[in-house]
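A.B. asks: only geometry, no sequence info:
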Ligand code: BGC
């Protein structure tokens, strides 16, 4: 590289600046730079012009460094929803919006996307991953990473690798043979590294084949960096780094969170003791400095995206609404029930229609400044008098964070009772971890925090109140002290468990609807012995009066009987699917199945909207007129739903994952390790690959989804490298079609066992009524390859392949055949 060319090449300038910055650092500063200084940041080193790097979750919004609704974020639909749109360009726009949010919150690194696979529908974070198919996952992830990085913000593609379930996630050893590891679990990471050039990867909690991922030399150093050429930084999942020498020699660059980590002082000591070569530390420091350069946090280097080149600002609400309607999967629509006829009267029911669950829990949680529920959205879209609502069934029969009806403030006091800070509290939750405390408050000075304000009940009856968290609590409602005592900490295995304790009931009061009462919960935090960071975590929890489930159903039935159409919103709760645990069944909680059956019995135009991040059993699915899968639809949920139900927009989603009729049919269900080990014994057969092998029909197959128009597949021609498909919109309204290309190898003796078919490409087209559209879908050589364990490399399987152009795995519309020849080097041998 000559001096002249380096001046015109920003990447070379960045690398020169990184080298110069590195050369100016002593061992202690280098070791310090690799260690989180608090929950979300790495330390600044002003002497080299390095600002503190700020990281934040993640995937559907940018929470920022504060875990509070006082710092709201745009909440897009869940990752399963984004994948259901089957559109990497839409994912790229989502990424650009998130970069814009990150910049607004001074965040440099977005802790996303999650590209683990839907190995089993029971995975607790299924909602947060894209698909059971590695190609679809890789393509959506590529679009997302490109979009975030278009905005000059880094991504950390996570969780590398095989973090496909939650049970014992900190310790589980996932044993995966090389072939499924390469063909399934590594593939999304590989595609994203090669096609989107991510600036970061997050190492998972779990072990793979005996080595914990933060120390996995083979997968991190040899495969990710060596084979694929990844040149970004690797950050540990939160608290995943276990040992100083193991992590740094295993390729881990940053140990998060801080302040206590395996790096910092411990790393400097290890170097001085001769246990680690300083050159290895330098490699990690270089990776962090390059990250800083790329995101514009190293003064001497030009950022990867100059301010003048930032993408045009996006409207977050509009994009959230668009992604939602593009993601809704209409799996059943008998007799064209949807869209609803203009002028229809609508009976809406389901607790989730009023209190929608718009995003998943755990680290994916963000706090939008508003949520449009289905009830809000339909109320806004329908003429007055056309809509009625009844709860019908309420699946949340547990105490949950005080929300609707509460008007709350937090008051922080020191030991003498002097007020240190007062701040509005949009819900009854406080979660202040590490340095994330209100201005004017420190962990040392804070003695108590009082959640205080009013509660105006929505329903008359017996209201239950309680607390969540550890330490001292005094709870008073309407002048009555319901609790005054200490809640001890139960020992748990998950280090983050201290922040996710169970709610505890403290008392019940009968209250009339509409009349405000005073509430006050004073919490006296206690330090968590031995815990890596300080925190204040407590919640005021509440449960509205429980009514007889039969009465609730009867009320909804009475509404539904007289309406032109009935819409029932059913779904899961935070206790059913979230981070930190796996599901044990796929049932809808509470009496939601009873509600659907009862409403469908009186209204032939019953439409069920499913509000869940991942598959649930729908035992009544053939008894209702229409079923629309809505995922966790993001903050604009209700507007998008109204758009689709009333036909302003077409539902655009196709299933990114097979939807089982019953859990017992699902091919892979084991999530619990045996003696610490979770064996991926199914090999390359997960998702539809496994369903087809077993010959079992699911409720809805991979790729399935209906729109509001119909399509003819007029022609398909294929070469080994590309498939060209001509489709015609044979219906009466404009629409979009997702053309799916599957490869089915003709059986040939001596070839390795492979799935019957697999996805090789896809493309979305749009066309007006009567119009045709032609699309060419590239097919990569990899689509014809398997990982050859003897060769330790990819090998093409020669032979004839049927190329299928399909609307879903179960709806193949046109086929062609290609003949694939062996790899040249293999022919020679
Ligand atoms: C999750 C990560 C997340 C991190 C920081 C971990 O528990 O597994 O996905 O990015 O916390 O919140």
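C.D. replies: Structure's in. What do you need? Bear in mind the structure is a predicted one, so any value in this text is a computation, not a measurement.

A.B. asks: pretty sure residue 396 is touching residue 351, no?
C.D. replies: Yes: with contact defined as C-beta atoms under 8 Å, residue 396 and residue 351 form a contacting pair (6.6 Å). Every residue, glycine included, has its C-beta placed from N, CA and C.

A.B. asks: tell me which element the closest residue to residue 296 other than its chain neighbours is part of?
C.D. replies: Once flanking residues are discounted, residue 296 sits nearest to residue 303: 3.3 Å by C-beta to C-beta, 6 or more residues apart in numbering. Under the assignment given by DSSP states H and E, residue 303 is not contained in any helix or strand.

A.B. asks: same thing with residue 106?
C.D. replies: Using DSSP H and E, no helix or strand contains residue 106.

A.B. asks: how far away is it from residue 680?
C.D. replies: Distance, residue 106 to residue 680, by C-beta to C-beta, to the nearest Å: 40 Å.

A.B. asks: same check, this time on residue 45
C.D. replies: Residue 45 is 42 Å from residue 680, by C-beta to C-beta.

A.B. asks: residue 393 now?
C.D. replies: Residue 393 sits 37 Å away from residue 680, going by C-beta to C-beta.

A.B. asks: the two: which has the busier surroundings?
C.D. replies: The neighbour comparison of residue 393 against residue 680 (other C-beta atoms under 10 Å) goes to residue 393, with 27 against 22.

A.B. asks: quick check: the more buried one touching residue 352?
C.D. replies: No: counting by C-beta under 8 Å, residue 393 stays clear of residue 352, with 9.4 Å between them.

A.B. asks: related to what we said a few turns ago, what residues does the residue nearest to residue 296 make contact with?
C.D. replies: Counting by C-beta atoms under 8 Å, 6 or more residues apart in numbering, residue 303 touches 152, 293-296.

A.B. asks: just the closest of those residues to residue 124, please.
C.D. replies: Set against residue 124, the nearest of those by C-beta to C-beta is residue 295 (31.0 Å).

A.B. asks: for the closest one, what are its contacts?
C.D. replies: With C-beta under 8 Å, 6+ apart, residue 295 has these contacts: 53, 108-109, 152-154, 199, 303-304.

A.B. asks: same thing but at 7 Å, please
C.D. replies: 108, 152-154, 303 (C-beta atoms under 7 Å, 6 or more residues apart in numbering).

A.B. asks: quick check: closest non-adjacent residue to the residue in the stretch 351-500 of the chain that the ligand sits nearest to.
C.D. replies: Of all residues in the stretch 351-500 of the chain, residue 363 sits closest to the ligand, at 3.5 Å by C-beta to the nearest ligand atom. Spatial nearest neighbour of residue 363, excluding adjacent residues (C-beta to C-beta, 6+ apart): residue 57 at 4.6 Å.

A.B. asks: that neighbour touches residue 364, doesn't it?
C.D. replies: Yes: in this structure residue 57 lies within contact range of residue 364 using C-beta atoms under 7 Å: 6.5 Å.

A.B. asks: tell me which of those two has more neighbours.
C.D. replies: residue 364 (26 against 23).

A.B. asks: residue 466 pairs with what?
C.D. replies: Bridge pairing for residue 466 (DSSP bridges) gives the partners residue 505, residue 541.

A.B. asks: how close does the residue of the stretch 351-500 of the chain closest to the ligand get to residue 123?
C.D. replies: 15 Å.

A.B. asks: residue contacts, the residue of the stretch 701-829 of the chain found nearest the ligand?
C.D. replies: In the stretch 701-829 of the chain, the residue that lies nearest the ligand is residue 702 (25.5 Å; C-beta to the nearest ligand atom). Contacts for residue 702 (C-beta under 7 Å, 6+ apart) come out as 655, 657-658, 687-688, 808-809.

A.B. asks: how about the nearest residue to residue 139 once chain neighbours are set aside, phi and psi?
C.D. replies: Closest residue to residue 139 apart from its sequence neighbours, by C-beta to C-beta, 6+ apart: residue 88 at 4.9 Å. Recorded main-chain torsions at residue 88 are phi -60, psi -30, according to degrees, to the nearest 10.

A.B. asks: before we move on, what about the one 10 residues further on?
C.D. replies: As for residue 98, its main-chain torsions (degrees, to the nearest 10) stand at phi -70, psi -30.

A.B. asks: looks like it contacts residue 63 (just checking).
C.D. replies: No: if you go by C-beta under 7 Å, residue 98 and residue 63 don't touch, sitting 11.0 Å apart.

A.B. asks: which SS class is the residue in the stretch 501-650 of the chain that the ligand sits nearest to?
C.D. replies: The nearest approach of the stretch 501-650 of the chain to the ligand comes at residue 579, 6.6 Å away (C-beta to the nearest ligand atom). Here residue 579 is coil, with the state taken from DSSP: H, G, I helix; E, B strand; the rest coil.

A.B. asks: what distance do you get for it to residue 359?
C.D. replies: Taking C-beta to C-beta, one finds residue 579 at 12 Å from residue 359.

A.B. asks: looking at these two, which is more packed in?
C.D. replies: Applying other C-beta under 10 Å to residue 579 and residue 359 shows that residue 359 carries more neighbours, namely 27 against 19.

A.B. asks: residue 631 is in contact with the more buried one, correct?
C.D. replies: No: in this structure, residue 359 is not within contact of residue 631 by C-beta under 7 Å, at 9.8 Å.

A.B. asks: who touches both of the two?
C.D. replies: With C-beta under 7 Å, 6+ apart, residue 359 and residue 631 have common neighbours residue 78.

A.B. asks: ok, the most centrally placed residue in the chain - contacts?
C.D. replies: Taking C-alpha atoms, centre = their mean, the centroid of the chain lies closest to residue 128, which sits 2.3 Å from it. By C-beta under 7 Å, 6+ apart, the residues touching residue 128 are 59, 79, 114, 360, 364.

A.B. asks: need the pLDDT of it.
C.D. replies: At residue 128, the model reports a pLDDT of 96.
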